[in-house]
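Novice: Predicted model follows, preceded by the sequence.
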Amino acid sequence: MKNKMKLLGVAIGALVLATTGTVSAQDKPRSLDQLLRLVQQGKTSEARQNGKREAEFKQAKNRQAALLSQAKQTRVNEENRSARLEKNFEENEVSVATKQAALKEKLGSLTELFGHITSASGDLRANLETSLTSVQYPGREVFLDGLVEKMSGNDKLPSIEEIERLWFELQREAVETGRIVKFSTEVSKPNGDTSTTDVVRIGSFNIVSADGQYLKFDNLENKLKSQTTGANGIGKITAACDQAHVVQAFKMGYESNAETVPSSKKGEKSIRIALRPIDEIVEGDMVKLNPILFDFDKHNIKPQAAFELDKLVELMKKNPEMVIKVEGHTDNRGTDAYNLDLSERRARSTVQYVISKGIAKDRISGKGFGESKPAIDCGNNCTDEQYHKNRRSEFIIVKK
């Protein structure tokens, strides 16, 4: 019986240790009653801990449920907002289209008018860049640049004052190119010095100083410059060495020519510009000039083109019976109608420039042929060089 009691005591003691953990020496049960009380206390403590854990789990579960519910509601709200925005976008598209149609209807023929204003402003700006009248009336290009920039946008319209100013400048340029006037202006001498002197402007053809010297208009510096070589054809020009320069040479009865002087660290640099008799640019029934270059989609005469066309003017002045026909050609990129119109505009500009230099209008005519008469018939497989050769102006001698 005693052995059974000992085994029971050992079993209960092991249970107490497993349930309550390590028991100090003072807590060791001294009887079965104490051992039972300790077992009961251990179960109560464990029940409290389990209840606490269960409560914490339920709280965490409730929080997760609340967050999930909040996320679902947020999604519903965003879907509703997206639907509203899509509806507003569609309504705005319809509204914008309606207002654009209304604006176009109200503008009517004004749309075409504003297009002409932009085109006229750009053409006049290009003409004034090299016009001798700009010596007498400088600064007009500032107004034209501003007007072109304004008209290039879609949110601004020209004022009545700006339209009237454009009309005035067009009329003034037309009138002034036909007048012979005397006025005072600054002239740059070969050594770089400037002085105010009286000059005579003969329309848009020439400007002559009081002592009969022909002057050149430098449109980049907006200055008149004089430079004459000695009897031996040698002259000296003072210029900045750290940049390249183009030196042009002219002589009555000779073809004008130019040479580029590259930048140099040396103090002096010598160049030779050969001039040949003007008649040598005639080959058969053609006048051979260097290519007349135009900006993309433009027909304005650039300084390079003017330099070449002045050779034709000199030739026609030397041969007063000569009659010239100008033919303008393009490459085959672009539509037929576009190329024909572009070549016509360029041919007209070329003719007008020659006439502005004092050649009678019945001695020169022009016609554009677009892409219909290529110099090299390469179809749609042209190289850049072939495209370049097809873009040309030809000067045909109708009468010598």
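Specialist: Nice, thanks for sending it over.
Novice: shaky segments in the stretch 151-300 of the chain?
Specialist: The stretch 151-300 of the chain contains residues with pLDDT under 70 at 153-155, 189-192, 210-214, 219-228, 230-231, 237-240.
Novice: need the helices for it, in chain order.
Specialist: Along the stretch 151-300 of the chain, counting by DSSP state H, counting those that start in this stretch, helices occupy 160-176.
Novice: as a whole number, average confidence for the longest helix anywhere in the chain?
Specialist: The residue-count maximum for a helix in the chain (DSSP state H) belongs to helix 32-107. Averaging pLDDT along helix 32-107 gives 83.
Novice: Next secondary structure after that helix?
Specialist: Toward the C-terminal end, the helix or strand that comes next after helix 32-107 (DSSP states H and E) is helix 110-130.
Novice: Show me what that following helix is packed up against.
Specialist: Using 3 or more C-beta pairs under 8 Å, 6 or more residues apart in numbering; DSSP states H and E, the elements in contact with helix 110-130 are helix 140-152, helix 160-176, helix 303-318. For every residue, glycine as well, the C-beta is placed using N, CA and C.
Novice: Extract the CA atoms of it and return them as CSV.
Specialist: Only the C-alpha atoms of helix 110-130 are listed here, as CSV (Å, rounded to 0.1, in the frame of the first residue of the first chain):
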residue,chain,number,x,y,z
LEU,A,110,-10.8,85.2,-91.0
THR,A,111,-8.9,81.9,-90.8
GLU,A,112,-7.7,82.4,-94.4
LEU,A,113,-7.0,86.0,-93.7
PHE,A,114,-4.8,85.2,-90.7
GLY,A,115,-3.0,82.7,-92.8
HIS,A,116,-2.2,85.3,-95.4
ILE,A,117,-1.1,87.7,-92.6
THR,A,118,1.4,85.2,-91.3
SER,A,119,2.7,84.4,-94.8
ALA,A,120,3.0,88.1,-95.7
SER,A,121,4.8,88.9,-92.5
GLY,A,122,7.3,86.1,-93.1
ASP,A,123,7.9,87.1,-96.7
LEU,A,124,8.4,90.7,-95.9
ARG,A,125,10.7,89.8,-93.0
ALA,A,126,12.9,87.8,-95.4
ASN,A,127,12.9,90.6,-98.0
LEU,A,128,13.9,93.3,-95.5
GLU,A,129,16.9,91.2,-94.3
THR,A,130,18.8,92.1,-97.5
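Novice: Next, count neighbours for residue 381.
Specialist: Other residues lying near residue 381 total 6 when counted by other C-beta atoms under 10 Å.
Novice: So which residues of the stretch 251-400 of the chain form strands?
Specialist: Taking DSSP state E, counting those that start in this stretch as the test, the strands found in the stretch 251-400 of the chain are 257-261, 282-283, 286-287, 323-329, 364-368, 392-399.
Novice: tell me the most buried of those strands?
Specialist: strand 323-329 (a mean of 21; mean count of other C-beta atoms under 10 Å).
Novice: list the buried ones in stretch 376-393?
Specialist: The neighbour-count check on stretch 376-393 (16 or more other C-beta atoms under 10 Å) flags 378, 382, 386-387, 389-393 as buried.
Novice: distance between it and the chain's centre?
Specialist: Between the centre of stretch 376-393 and the centre of its chain there are 26 Å (C-alpha atoms, centre = their mean, to the nearest Å).
Novice: Tell me the span between the first and last residue of it.
Specialist: One end of stretch 376-393 sits 14 Å from the other (C-alpha to C-alpha, to the nearest Å).
Novice: repeat for stretch 271-286
Specialist: 30 Å.
Novice: got it, and stretch 187-195?
Specialist: Length of stretch 187-195, first residue to last, C-alpha to C-alpha: 6 Å.
Novice: burial count for residue 341?
Specialist: 16.
Novice: Next one: it, what pLDDT does it get?
Specialist: We have a pLDDT of 92 for residue 341.
Novice: just residue 123 next, same as before
Specialist: 88.
Novice: Let me see the contact set for the closest residue to it other than its chain neighbours.
Specialist: Setting aside the residues directly before and after it, residue 123 is nearest to residue 300 in space (C-beta to C-beta, 6 or more residues apart in numbering), at 6.3 Å. Taking C-beta atoms under 8 Å, 6 or more residues apart in numbering, we find residue 300 in contact with 123, 126-127, 294, 349.
Novice: Buried among those? Need that as a selection in ChimeraX.
Specialist: Per 16+ other C-beta under 10 Å, the buried members of these correspond to this ChimeraX selection:
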select :123,126,127,294,349
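Novice: now, which of the contacts of residue 300 sits nearest residue 285?
Specialist: Taking C-beta to C-beta as the measure, residue 285 lies nearest residue 349 of the contacts of residue 300, at 23.2 Å.
Novice: residues touching that closest one, list them.
Specialist: Neighbour list for residue 349: 299-301 [criterion: C-beta under 8 Å, 6+ apart].
Novice: just these now: which is nearest residue 327?
Specialist: For these, the minimum distance to residue 327 (C-beta to C-beta) is 14.6 Å, reached by residue 299.
Novice: Hmm, the closest one is touching residue 352, no?
Specialist: No - contact between residue 299 and residue 352 fails when scored by C-beta atoms under 8 Å: they sit 9.9 Å apart.
Novice: Between those two, which is the more surrounded one?
Specialist: Higher neighbour count among residue 299 and residue 352: residue 299, with 21 against 15, using other C-beta under 10 Å.
Novice: Now the more buried one: phi and psi?
Specialist: phi -130, psi 10 (degrees, to the nearest 10).
Novice: how about the nearest residue to it, chain neighbours excluded?
Specialist: residue 345 (3.9 Å).
Novice: can I assume that neighbour is in contact with residue 294?
Specialist: No - between residue 345 and residue 294 there is no contact under C-beta under 8 Å: 9.3 Å.
Novice: shared neighbours of those two, which are they?
Specialist: Joint contacts of residue 345 and residue 294 (C-beta under 8 Å, 6+ apart) do not exist.
Novice: domain ranges for this protein?
Specialist: 1-107, 112-230, 239-276, 278-399 (automatic domain parsing).
Novice: Give me whichever of the ones you listed is most buried.
Specialist: When the domains of the chain are compared using mean count of other C-beta under 10 Å, domain 278-399 is most buried, at a mean of 17.
Novice: what about the residue nearest to residue 123, distance to residue 119?
Specialist: Using C-beta to C-beta, to the nearest Å, one gets 11 Å for the distance from residue 300 to residue 119.
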